[in-house]
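With the input below, show me the fold.
(one chain, ligands or ions: 1)
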Amino acid sequence: MAILLSYAGGNASFWREGLQREIPGADVRVFPDETGDRRDIEYAIVWMHPLGDLATYPNLKAILSLGAGVEHVLRDPEVPAGVPIVRLVDAALTRDMTQHALHWILHYQRRYHLYRQQQAARRWGRVPFPEPQEFRVGILGMGELGTALARLLYGLGFAVVGWSRSPRTVEGARCLAGMEALPELLAQSDMLVSLLPRTPATEDLLDAGRLAVLPPGAFLLNIGRGSVLVDDDLIAALDSGHLAAACLDVFREEPLPAEHPFWTHPKVTVTPHAAGPTNARSAVRAVAANIRRIMAGEEPHPVASPERGY
Ligand SMILES: NC(=O)c1ccc[n+]([C@@H]2O[C@H](COP(=O)([O-])OP(=O)(O)OC[C@H]3O[C@@H](n4cnc5c(N)ncnc54)[C@H](OP(=O)(O)O)[C@@H]3O)[C@@H](O)[C@H]2O)c1
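Here you go, the predicted structure:
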């Protein structure tokens, strides 16, 4: 049994040592320099692996993503059918994503963005702010990350509404599901946080019509995927004054092209897909735990569905 590691830009020796510590005797081969028989490879740990290549390993038992999103695997039309695609769920990633979101939620709820403007004008003066229970946070995507964020916000007294494809129950959050319920969530979101995956159904979801349903002066945080947002429609909503500000971590094209208007827009903060970078130390344990599960005849968790697209 051998493990293929395909993580351009990652620290291959850290991963090899970590996997060998977690799975004693593991034969870890690093793409694209691996040698030996492709039939030995039973597990492929990947991020943005070249299209068509996974189909050349005939004995794959699982494809393990090095990130929470799996669209980088599903975009491959030749990805071997029937081989489970395992998403990365990792406590450190969840912590970092929810704390990034909390930072920006507090930033806007407490109006710190206005103090930046006041300072530029050398103006001294406190700005009133809503109490947490008056600041309604709408979360698009109530999966691993959205649910964790809802719980964190509930503990801090925020009013939370969540949205998913199928009905969910999360303590402290009003949970809505399905496309018909989306306007209700949007209308109640003083701040909208998108934690949606990239799928055909979420593409261009936040367009002019839906942004218009947000309350006047609302804030947007996108930490899911950039494909969810129609960039020009967001800029128009900010320029008209309907939306107050946006903080964007994910984009249709990454790195964000130098000429993109988001870079210089006064109401937009850009972060470089930095909300929840894969934490090698804990991710290696999470990935190895799933490999051990399969070796013991158990199911890995969580497995993405090619039909759903996430
Ligand atoms: N910025 C970063 O650094 C960073 C880091 C990690 C992850 N991410 C992004 O965060 C995303 C979410 O991660 P996760 O672990 O929370 O994923 P997850 O557990 O799969 O949750 C996805 C959520 O989105 C909902 N959803 C999907 N399609 C929908 C649709 N068409 N309509 C309504 N709801 C829909 C799902 O609904 P159901 O509950 O009904 O299935 C689920 O609640 C990832 O896919 C990735 O794109 C970004």
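
residues in contact with the residue lying closest to residue 220 once chain neighbours are set aside?
With Cβ to Cβ, 6 or more residues apart in numbering as the criterion, residue 220 has its nearest non-adjacent residue at 4.2 Å, and that residue is residue 246. C-beta here means a position set from N, CA and C on the backbone, and glycine is covered the same way. Contacts for residue 246 (Cβ atoms under 8 Å, 6 or more residues apart in numbering) come out as 219-222, 234, 238, 267-269.

Present these as TSV; the columns should include neighbour count, secondary structure and distance to the ligand.
What follows is the contacts of residue 246, written out as TSV (neighbours: other Cβ atoms under 10 Å; DSSP: H, G, I helix; E, B strand; the rest coil; distance: Cβ to the nearest ligand atom, whole Å):
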residue	neighbour count	secondary structure	distance to the ligand
219	24	strand	17
220	27	strand	14
221	27	strand	10
222	23	strand	8
234	24	helix	17
238	19	helix	21
267	19	coil	20
268	19	strand	16
269	15	strand	14
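
what's the closest of those to residue 59?
For those, the minimum distance to residue 59 (Cβ to Cβ) is 39.3 Å, reached by residue 222.

For the ligand, what's its nearest residue on the stretch 101-250 of the chain.
Closest residue of the stretch 101-250 of the chain to the ligand, Cβ to the nearest ligand atom: residue 143 (1.7 Å).

That residue: neighbouring residues, count only.
The local packing of residue 143 (other Cβ atoms under 10 Å) involves 20 other residues.

same thing with residue 299?
Residue neighbour count, defined by other Cβ under 10 Å, stands at 11 for residue 299.

and if you look at residue 136?
That count, for residue 136 with other Cβ under 10 Å as the rule, works out to 21.

Over to residue 122?
6.

That one - that's part of a strand, no?
No: counting by DSSP: H, G, I helix; E, B strand; the rest coil, residue 122 is not found in a strand; it is coil.

re earlier: out of the contacts of residue 246, who's nearest residue 305?
residue 222 (23.3 Å).

And the strands in this structure?
Secondary structure of the chain (DSSP state E): strands at 2-6, 27-30, 41-46, 62-65, 85-86, 136-140, 159-164, 173-177, 191-194, 218-222, 243-248, 268-270.

What values do phi and psi take at the residue of the stretch 101-250 of the chain closest to the ligand?
Main-chain dihedrals, residue 143, degrees, to the nearest 10: phi -90, psi -150.
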